[in-house]
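Student: any chance you could fold what I've pasted below:
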Amino acid sequence: MKTRVVVVHGLFRTQRAMRPLRKPLTQAGYEVIEYRYPTTQDKVQEHAKALREYLLEIVAEDSQTPIRLVGHSLGAVISVIATTPAIPGIDRVVQIAPPNLGSPVAEKFEGMFGRFILPLKELSANTGGPLQGVEPGTETGVIAARSDQLVPIPCTALKGSKDHISLPGTHTFVFWRDQAHQEILHFLEHGQFSDAAERVELDQES
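Tutor: Residues are numbered from 1 along each chain as shown. Reported below is the predicted structural model:
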């Protein structure tokens, strides 16, 4: 019985963007499920609702096999919303470069492109971000990218997160590195990142 890991891609991406995680997850004994969704065509809450419905379906099909989530950017945000309140059988979520408190880039472009890219307004730092004040219902670890210009480290703050670290890399490529793979696997297995990881201390009460 392999634990299943649902990987959830970010804005403007497809499931192929998460392929760098397939090999390390598979080699660690996980079954990888690639979640697909049209990122620009719905608002954040609608994406999260659709993901939650999908998760409830696959839990119902096999309630004996555990499920965990790894999401990047927008996918990280909707992974938390979709698992709050908690779904029995889903026990951990890893967020990678999540705009929990919004993105200054989304803030810059929401007025110009918001009607075409529906999640932009909710992802804008101007609104406080989609997870401002939200406490996850499922054990969640956050990975911030140190060279992230789209989602600076302070924007990744999540009230009630289990662990929060930063890793070298940019917004798009931070999870391509071996170190990121090791930390993701560590959290999925133990519910915390490794002792060697650099912790991020942020005000989680926002």
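Student: may I have the secondary structure class of the most centrally placed residue in the chain?
Tutor: Central residue of the chain (Cα atoms, centre = their mean): residue 76, 1.7 Å from the mean position. Under DSSP: H, G, I helix; E, B strand; the rest coil, residue 76 falls in the helix class.
Student: which pLDDT does the model give it?
Tutor: pLDDT recorded at residue 76 is 98.
Student: pretty sure it contacts residue 8?
Tutor: Yes. Shown here, residue 76 and residue 8 form a contact pair, counting by Cβ atoms under 8 Å, at 7.3 Å. To be clear about C-beta, it is placed using only N, CA and C from the backbone, and glycine gets the same treatment.
Student: and the helices in this structure?
Tutor: Secondary structure of the chain (DSSP state H): helices at 22-27, 44-61, 74-82, 104-113, 120-123, 178-190.
Student: grab the nearest non-local neighbour of residue 202.
Tutor: residue 157 (4.1 Å; Cβ to Cβ, 6 or more residues apart in numbering).
Student: return the backbone torsion pair for the one you found.
Tutor: Per-residue torsions, residue 157: phi -60, psi 140 (degrees, to the nearest 10).
Student: where's it relative to residue 176, distance?
Tutor: Note on residue 157: its distance to residue 176, by Cβ to Cβ, to the nearest Å, is 24 Å.
Student: got it, and residue 130?
Tutor: 25 Å.
Student: which of the two has more neighbours?
Tutor: Each of residue 130 and residue 176 has its neighbours counted (other Cβ atoms under 10 Å); residue 130 has more, 25 against 13.
Student: who's in contact with that one?
Tutor: With contact set as Cβ atoms under 8 Å, 6 or more residues apart in numbering, residue 130 has these partners: 44-45, 77, 81, 99-100, 102, 122-123.
Student: show me which of these has the smallest pLDDT value.
Tutor: Among those, pLDDT bottoms out at residue 122, giving 79.
Student: list the contacts for the residue nearest to it when sequence neighbours are not counted?
Tutor: Closest residue to residue 122 apart from its sequence neighbours, by Cβ to Cβ, 6+ apart: residue 44 at 4.2 Å. Residue 44 sits next to 74, 77-78, 81, 119, 122-123, 130 when contact means Cβ under 8 Å, 6+ apart.
Student: who does residue 71 bridge with?
Tutor: Taking DSSP bridges as the rule, residue 71 bridges to residue 8, residue 95.
Student: run a quick neighbour tally on it.
Tutor: Neighbour tally, residue 71, other Cβ under 10 Å: 28.
Student: who are the contact partners of the residue lying closest to residue 143 once chain neighbours are set aside?
Tutor: Leaving aside its chain neighbours, residue 143 sits nearest to residue 96 (4.9 Å; criterion: Cβ to Cβ, 6+ apart). Listed by Cβ under 8 Å, 6+ apart, the contact set of residue 96 reads 70-73, 76, 143, 145, 174-175, 180, 184.
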